[in-house]
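Q: I would like the atomic coordinates for the input below:
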Amino acid sequence: MSTTTTNSPGIGAYITRHMRDYGLLFALIAIMVFFQVVTDGTLLRPVNITNLFLQNSYIIIMALGMLLVIVSGHIDLSVGSVMGFIGALAAAMIVTWGMPVWITAVACIACGMAIGAAQGYFVAYWQIPSFIVTLAGMLIFRGMSLWLLAGQSVGPFPRHFQQISTGFIPDLFGLDRPNATALAAGIIAVMLILWLGLRARHRNARFGFDDEPMGLFLLRNAAVAAAILFVTWKLASFRGLPNVLISMVVLTVIYVFLTERTTLGRRIYAVGGNAKAAKLSGIRTERLTFLAFVNMGFLAALAGLVFAARLNTATPRAGFGVELDVIAAVFIGGASMAGGSGKVVGAVIGAFIMGVMNNGMSIIGIGIDYQQVIKGLVLLAAVFFDVYNKNKEA
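A: Purely as a prediction, here's the structure:
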């Protein structure tokens, strides 16, 4: 008796079935190529690539938390205001009150988690819509930032606090340029991604799962490897790996593992897919919703520290409108408005799409008014694409 095996589908059919994932990657490549051409090569210069990571780090950090909130079927409109408030709190503690940086960092992270817990409590256990709770939070923490800073900017921060955002990993091999540590990190990342991809293919083949065609697998991994090596070479030829890039990579890996390899992650998706069914199956839906908001508060606080360190000052207007970029990044990255679907890597790519668009449009001199219009149209197109795919599958 022969064992039934699944043949890999053709490349075209596979891409069609996974258009959401591949379409996102193609969109990022197309946008980068477009701005590389219209900016006469400025976009991918070493200093600008470094600035892209520094300028968008806090968006990516908060997008990881926002993804879990949206996947669980909710929304958080307060993240920009919480980020600004945490930056103001850090400035007050370090600059005004003279407290040590490490105590300030711990207190700010704890404060962010407490804010997330308070909002999550009302959403999860009192069933108040998250839109209302976090809209109230947005107004409250905007006002508290103004009160804490007395309407003025407070700074500068000590040099070692600034290193959170603007510091770079020293070259462990003693070279200056190119930075050998950055090059080694790029090579190791490529080898690790390829090993994990081959391991996943082997596991899928063993269990008879439908898998990506080998030609497409090789092409995709070659493109990813080339992109990583290109970026690390550019970074190595400037100042090396930014501290904040390492933080983003570590957080991304942690959240990919959490969402794809743990029971907790699968349950969060189940809650967003059908909360009543999840509750009937024994999942404590209220606790998971509560934890999603606590996690969002933690990441918003971390982003607040990174943002304040990059600006080297805390301003009353810090964080205004940031929540829109974070939410847009998650939806552009393929998360569903109805909850229950979305990937960490998609949210990160969505954040990079927003970042590249902001950076590219600024370089070519497009005004902030037109930038807002264009970003709104891109968000609308992403949501339309999601709805279209769902209707097509139905």
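
Q: Point out where the stretch 251-394 of the chain drops to low pLDDT.
A: Applying pLDDT under 70 to the stretch 251-394 of the chain picks out residues 389-394.

Q: contacting residues for Ile188?
A: By Cβ atoms under 8 Å, 6 or more residues apart in numbering, Ile188 lies in contact with nothing. Glycine gets a C-beta too; all of them are placed from N, C-alpha and C.

Q: one more time with 10 Å
A: By Cβ atoms under 10 Å, 6 or more residues apart in numbering, the contact list for Ile188 reads Thr232.

Q: same check, this time on Val306
A: 54, 57-58, 60-62, 83, 86-87, 164-166, 243-244, 247-248.

Q: Gly273: which of the residues you listed is nearest?
A: Distance to Gly273, by Cβ to Cβ, is smallest for Met62 among those, at 23.3 Å.

Q: contacting residues around the closest one?
A: Counted by Cβ under 10 Å, 6+ apart, Met62 has contacts 76, 79-80, 82-83, 296, 299-304, 306-307, 322-323, 325-327, 329-330, 347, 351.

Q: mind running it again at 8 Å?
A: Residues in contact with Met62 (Cβ under 8 Å, 6+ apart) are 79, 83, 296, 299-300, 303, 322, 326.

Q: Columns neighbour count, secondary structure and distance to Gly137 on top of the residues you listed, output as TSV?
A: TSV is the format used below for the contacts of Met62 (neighbours: other Cβ atoms under 10 Å; DSSP: H, G, I helix; E, B strand; the rest coil; distance: Cβ to Cβ, whole Å):
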residue	neighbour count	secondary structure	distance to Gly137
Val79	35	helix	9
Met83	32	helix	12
Met296	30	helix	11
Leu299	28	helix	15
Ala300	33	helix	10
Ala303	30	helix	15
Val322	21	helix	14
Val326	31	helix	14
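
Q: wait, which of these is closest to Leu377?
A: Nearest to Leu377 among those, with distances taken as Cβ to Cβ, is Val326, at 18.2 Å.

Q: ok, that closest one to Pro213 distance?
A: Val326 sits 35 Å away from Pro213, going by Cβ to Cβ, to the nearest Å.

Q: swap in Ala110?
A: For Ala110 relative to Pro213 (Cβ to Cβ), the value is 49 Å.

Q: Which residue, other than its chain neighbours, is closest to the most centrally placed residue in the chain?
A: The residue lying closest to the centre of the chain (Cα atoms, centre = their mean) is Ile60, at 2.9 Å. Nearest residue to Ile60 in three dimensions, chain neighbours excluded: Ala351, at 4.5 Å (Cβ to Cβ, 6 or more residues apart in numbering).

Q: For the one you found, which residues are in contact?
A: With Cβ under 8 Å, 6+ apart as the criterion, the residues that contact Ala351 are 56, 59-60, 63, 326, 329, 333.

Q: That one falls within a strand, correct?
A: No: counting by DSSP: H, G, I helix; E, B strand; the rest coil, Ala351 is located in no strand; its state is helix.

Q: How many residues are close by Phe307?
A: Per other Cβ atoms under 10 Å, the neighbour tally for Phe307 reads 27.

Q: Not counting sequence-adjacent ones, nearest residue to it?
A: Closest to Phe307 by Cβ to Cβ, 6+ apart is Tyr58, at 4.6 Å.

Q: From Leu52, how far out is the residue nearest to Ile60?
A: Going from Ala351 to Leu52 by Cβ to Cβ gives 11 Å.

Q: Then Tyr121?
A: 37 Å.

Q: per-residue confidence for Thr5?
A: Looking at Thr5, its pLDDT reads 42.

Q: ah, wrong one, I meant Met1
A: For Met1, the model assigns a pLDDT of 41.

Q: Show me the shaky parts of the stretch 1-150 of the chain.
A: In the stretch 1-150 of the chain, residues with pLDDT under 70: 1-10, 16, 18-19.

Q: what are the ranges of the helices in it?
A: For the stretch 1-150 of the chain, the helices defined by DSSP state H, counting those that start in this stretch occupy 11-17, 19-38, 46-71, 79-91, 101-125, 130-149.

Q: centre of the chain versus the longest one, how much separation?
A: Taking Cα atoms, centre = their mean, to the nearest Å, the mean C-alpha location of helix 46-71 is offset from the chain mean by 5 Å.

Q: Quick check: buried residues in it?
A: 46, 48-50, 52-54, 56-71 (16 or more other Cβ atoms under 10 Å).

Q: same thing with the shortest one?
A: Within helix 11-17, the residues that qualify as buried are 14-15, counting by 16+ other Cβ under 10 Å.

Q: counting contacts, what elements does that helix pack onto?
A: When contacts are defined as 3 or more Cβ pairs under 8 Å, 6 or more residues apart in numbering; DSSP states H and E, helix 11-17 sits against helix 214-236.

Q: residues making contact with the helix it packs on?
A: Residues outside helix 214-236 that contact it (Cβ under 8 Å, 6+ apart) are 8, 11, 14-15, 44-46, 49-50, 177-180, 182-183, 185-187, 189-190, 193-194, 197, 201, 212, 241-242, 245.

Q: Heading C-terminal from it, find the next helix or strand.
A: Once helix 214-236 ends, the next helix or strand along the chain (criterion: DSSP states H and E) is helix 243-261.

Q: Residues in contact with that following helix: which ones?
A: So helix 243-261 is contacted by 53-54, 57, 60-61, 64, 67-68, 71, 163-169, 235, 264-265, 268-269, 299, 306, 343-345, 348 (Cβ under 8 Å, 6+ apart).
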